[in-house]
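Student: 3D model of this:
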Amino acid sequence: MTVKRVWRGWTTPENAPHYEALLKSEVFPGIEAKKIPGYLAIELLRRPVGDEVEFMTVMTFESLDNVIAFQGEDYERAYVPDAAQKVLNRWDQTSAHFEILEKRNYG
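Tutor: Predicted coordinates:
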């Protein structure tokens, strides 16, 4: 069953463009270079929250076994590279995992 891995991190409005650029130029290509079996996609979401900017990543895997291949037995542990930690104020220490029960496309 397909699994979504959801994680969030927060930074300042000033650091938000730097963090976004880091994700797009280094972090995401680094994940893709690992050629993880069953890794299907990653989505990046962003929104202002008070005096911070919240980022959310949603990774899609074919199964929980594929998540474990990516992160290891402690698969709920967040994957936050050192470079990302330098521009984030705070972040979720764990990722949440959801099974997709149904998906409908319209249009």
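
Student: Let me see the ranges of the helices in the protein.
Tutor: 16-22, 28-33, 64-71, 82-85 (DSSP state H).

Student: would a markdown table of those with distance to Met56, mean neighbour count and mean pLDDT be doable?
Tutor: (Glycine included, C-beta is placed from N, CA and C.) A markdown table is the format used below for these (distance: least, CB to CB, whole Å; neighbours: other CB atoms under 10 Å; pLDDT from 0 to 100):
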| stretch | distance to Met56 | mean neighbour count | mean pLDDT |
| --- | --- | --- | --- |
| helix 16-22 | 12 | 16 | 97 |
| helix 28-33 | 14 | 12 | 94 |
| helix 64-71 | 17 | 17 | 94 |
| helix 82-85 | 14 | 12 | 94 |
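
Student: now the ones you listed as a markdown table including distance to Arg8?
Tutor: As requested, those are exported to a markdown table (distance: least, CB to CB, whole Å):
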| stretch | distance to Arg8 |
| --- | --- |
| helix 16-22 | 12 |
| helix 28-33 | 16 |
| helix 64-71 | 16 |
| helix 82-85 | 12 |
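
Student: Quick one: closest of those to Trp91.
Tutor: Closest to Trp91 of the helices of the chain, according to CB to CB: helix 82-85, at 7.6 Å.
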